[in-house]
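>>> What follows is a protein structure lacking sequence information:
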């Protein structure tokens with residue numbers, strides 16, 4: 001239940017302040033005080049006070065002085081003065097010094113008075129909410145270090161889309177922070193107080209994904225417990241459901257998910273009852289869903305349901321100006337976590353990181369920085385601390401300069417091609433093979449070095465074999 005806004009009513013006439021408090025109490029939490037001194041103490045001890053209503057003429061300090069001191073103690077409080085005939089000019093002058101409104105005594109039209117109170121409270125409430133939103137934006141976007149034009153566009157989209165209930169599709173290569181985008185959209189939304197439920201679709205079999213998403217009734221299948229359980233969609237009620245790698249779900253599950261998005265109801269496995277659900281969906285994929293639609297592997301109607309707002313996270317290689325600040329951030333983070341012995345990085349080592357192609361994107365960079373900090377030989381990271389996948393990457397003209405490279409490039413006539421002429425898929429394949437070679441054939445170590453999952457690495461290899 002939402003708390004009522006707090007109002008402080010100050011007047012030396014007890015009947016008036018009690019009458020106003022009684023009239024306003026259904027909508028507000030009313031506090032009363034007989035003079036400026038006691039009122040100021042209440043202001044100082046009640047930081048969530050929304051409105052101060054004070055008479056001008058009172059024994060001791062007057063209402064105008066109280067307003068000035070109250071504003072100094074709490075800059076977000078709204079102040080309204082009660083003014084008798086003959087003090088209207090004083091009230092107008094007081095508004096120049098910080099008062100927000102005044103109402104003439106005697107207060108005979110209580111409905112009109114309440115409308116003015118509501119307006120003042122609404123104004124201060126909106127100002128507080130805007131300030132809190134800005135603070136949340138600054139805090140939430142601290143997780144994003146980049147300040148390149150590409151990243152600034154993403155921040156702008158997050159700010160615009162987060163306050164809405166629109167479904168969002170986040171597309172981008174693995175390791176580019178798609179889940180960070182999803183969490184920012186949740187944390188900056190009106191649903192921030194609700195749950196954020198993340199589901200890794202690629203990590204679950206078809207049967208397990210269905211029971212995880214929809215839940216199941218007792219005895220629905222062999223192994224189902226006697227009480228059943230709710231699924232992730234129900235668990236996300238009132239919050240955000242994040243479906244990662246949604247391009248991996250099969251056609252049957254696509255149909256079921258489409259039904260949920262259209263009806264906003266789910267039916268547990270083994271159940272007969274439709275259950276209403278209220279969640280915001282954010283889906284992510286490292287595949288091109290539009291291409292999958294054309295290939296008949298992804299339903300067009302589901303694609304358009306998902307793609308209301310499209311946010312594309314860029315490969316790190318396309319915004320290399322962000323590498324230096326990312327390196328500084330990760331260095332500070334991992335140095336603090338490991339005793340604080342590493343204080344910086346030498347320019348040549350940083351240049352090598354900036355020149356690297358980063359097939360595993362920001363996730364790979366983060367893993368590399370953790371490794372370098374842990375294994376550092378001194379207070380500053382040097383070229384000697386660079387891992388083998390960085391130092392052994394062939395330069396752009398290696399294929400042209402090396403007959404061996406040319407012969408292994410897959411070009412039928414044996415002619416060499418520059419790396420700059422490679423397709424993205426060819427460059428990715430080359431980097432993955434280099435990481436596997438650097439890891440001595442150990443695919444788990446290669447996947448860790450690239451910042452991708454072992455499952456993703458095997459999928460890539462199988463795709464090459466199929467091709």
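Yep, it's here. Source: prediction; values computed, not measured.
>>> So which residue is dead centre in this structure?
residue 184 (0.5 Å; CA atoms, centre = their mean).
>>> where does that residue sit relative to residue 286, distance-wise?
According to CB to CB, to the nearest Å, residue 184 stands 19 Å off from residue 286. Where C-beta positions appear, they are placed from N, C-alpha and C, glycine not excepted.
>>> can you check residue 434 too?
Applying CB to CB, the value for residue 434 to residue 286 is 20 Å.
>>> what packs against the helix or strand containing residue 336?
For residue 336, the element it lies in under DSSP states H and E is helix 323-337. Counting contacts by 3 or more CB pairs under 8 Å, 6 or more residues apart in numbering; DSSP states H and E, helix 323-337 packs against strand 344-345, helix 347-355, helix 361-375.
>>> quick one, which of these is packed in tightest?
helix 361-375 (a mean of 20; mean count of other CB atoms under 10 Å).
>>> pLDDT of it, averaged?
Here helix 361-375 scores 93 as its mean pLDDT.
>>> now it against helix 347-355, angle please.
Calculated by axes from the mean of the first three to the mean of the last three CA atoms, to 10 degrees, helix 361-375 forms an angle of 150 degrees with helix 347-355.
>>> I'd like the next helix or strand past helix 361-375.
Per DSSP H and E, the helix or strand that comes after helix 361-375 is strand 380-381.
>>> Show me what the following helix or strand past that next one is packed against.
Sequence-wise, the next helix or strand downstream of strand 380-381 (DSSP H and E) is helix 388-391. Helices and strands touching helix 388-391, by 3+ CB pairs under 8 Å, 6+ apart, are helix 347-355, helix 424-438.
>>> hmm, 6 Å instead?
helix 424-438 (3 or more CB pairs under 6 Å, 6 or more residues apart in numbering; DSSP states H and E).
>>> tell me what the helix it packs on is packed against?
Counting by 3+ CB pairs under 6 Å, 6+ apart, helix 424-438 packs on helix 388-391, helix 443-450.
>>> And what about residue 119, helix, strand or coil?
Put simply, residue 119 is helix when judged by DSSP: H, G, I helix; E, B strand; the rest coil.
>>> Look up phi and psi at residue 186.
Dihedral angles of residue 186 (phi, psi; degrees, to the nearest 10) stand at phi -70, psi -50.
>>> who are the neighbours in contact with it?
196, 240 (CB atoms under 6 Å, 6 or more residues apart in numbering).
>>> about what we covered before: dump the helices and strands packed on helix 323-337 into CSV; add distance to residue 152 as well.
Formatted as CSV, the helices and strands packed on helix 323-337 follow (distance: least, CB to CB, whole Å):
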stretch, distance to residue 152
strand 344-345, 25
helix 347-355, 20
helix 361-375, 16
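>>> of all these, which lies closest to residue 193?
Minimum separation from residue 193 across the helices and strands packed on helix 323-337 (CB to CB) falls at helix 361-375, 28.7 Å.
>>> so what does the closest one touch, helix or strand wise?
Looks like helix 361-375 contacts helix 323-337 (3+ CB pairs under 6 Å, 6+ apart).
>>> try 10 Å this time
helix 323-337, strand 344-345, helix 347-355, strand 380-381, helix 388-391, helix 443-450 (3 or more CB pairs under 10 Å, 6 or more residues apart in numbering; DSSP states H and E).
>>> Could you export the ones you listed as a markdown table, including distance to residue 29?
A markdown table is the format used below for the helices and strands packed on helix 361-375 (distance: least, CB to CB, whole Å):
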| stretch | distance to residue 29 |
| --- | --- |
| helix 323-337 | 43 |
| strand 344-345 | 53 |
| helix 347-355 | 56 |
| strand 380-381 | 56 |
| helix 388-391 | 61 |
| helix 443-450 | 56 |
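>>> and of these, who's closest to residue 304?
helix 443-450 (32.9 Å).
>>> Would you confirm that residue 72 contacts residue 98?
Yes. At 8.9 Å, residue 72 and residue 98 qualify as touching, with contact defined as CB atoms under 10 Å.
>>> Which one of the two is surrounded by more residues?
residue 98 (16 against 11; other CB atoms under 10 Å).
>>> Tell me who's in contact with that one.
Neighbour list for residue 98: 64, 67, 68, 69, 70, 71, 72, 75, 77, 79 [criterion: CB atoms under 10 Å, 6 or more residues apart in numbering].
>>> And for residue 440?
For residue 440, the contacting residues are residue 446, by CB under 10 Å, 6+ apart.
>>> Kindly state the domain boundaries assigned to this structure.
Following automatic domain parsing, one finds the domains of the chain at 6-133, 144-314, 317-466.
>>> Which of those domains has the lowest mean pLDDT?
For the domains of the chain, mean pLDDT drops lowest on domain 317-466, to a mean of 76.
>>> Mind jotting down where the helices sit in the stretch 201-350 of the chain?
206-214, 232-235, 251-263, 289-294, 300-306, 323-337, 347-355 (DSSP state H, counting those that start in this stretch).
>>> need the ones you listed in a markdown table with distance to residue 166, can you?
As requested, these are exported to a markdown table (distance: least, CB to CB, whole Å):
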| stretch | distance to residue 166 |
| --- | --- |
| helix 206-214 | 21 |
| helix 232-235 | 18 |
| helix 251-263 | 12 |
| helix 289-294 | 17 |
| helix 300-306 | 11 |
| helix 323-337 | 29 |
| helix 347-355 | 36 |
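>>> Determine which of the ones you listed approaches residue 391 most closely.
Taking the helices of the stretch 201-350 of the chain one by one with CB to CB, helix 347-355 is closest: 7.3 Å.
>>> could you give the angle of that closest one to helix 323-337?
Using the same axes, to 10 degrees, helix 347-355 lies at 120 degrees relative to helix 323-337.
>>> now for the helices and strands packed on helix 361-375, which one comes closest to residue 306?
It's helix 443-450; of the helices and strands packed on helix 361-375, that one is closest to residue 306 (CB to CB) at 27.3 Å.
>>> Tell me, how many residues neighbour the nearest residue to residue 354 once chain neighbours are set aside?
Of all residues beyond its chain neighbours, the one nearest residue 354 is residue 323 (4.9 Å), with distances taken as CB to CB, 6 or more residues apart in numbering. The tally of other residues near residue 323 (other CB under 10 Å) stands at 23.
>>> swap in residue 254?
17.
>>> That one touches residue 302, doesn't it?
Yes. With contacts counted by CB under 10 Å, residue 254 reaches residue 302, the gap being 5.0 Å.
>>> can you list residues touching both of these two?
Jointly contacting residue 254 and residue 302 under the rule CB under 10 Å, 6+ apart are residue 246.
>>> Quick one: residues contacting the residue nearest to residue 379 when sequence neighbours are not counted.
Among residues not flanking residue 379 along the chain, residue 343 sits closest, at 5.1 Å (CB to CB, 6+ apart). By CB under 10 Å, 6+ apart, the residues touching residue 343 are 331, 332, 335, 376, 378, 379, 380, 381.
>>> ok, of those residues, which one's closest to residue 308?
residue 332 (37.4 Å).
>>> Quick check, that closest one in contact with residue 338.
No. Checked against CB under 10 Å, the pair residue 332 and residue 338 is beyond contact range at 11.3 Å.
>>> any common contacting residues for the two?
By CB under 10 Å, 6+ apart, the residues touching both residue 332 and residue 338 are residue 373.
>>> Show me which of the two is the more surrounded one.
residue 332 (16 against 13).
>>> picking up where we left off before, now the contacts of residue 98: which count as buried?
Those of the contacts of residue 98 that meet the buried threshold are 64, 67, 68, 69, 70, 71, 77, 79, by 16 or more other CB atoms under 10 Å.
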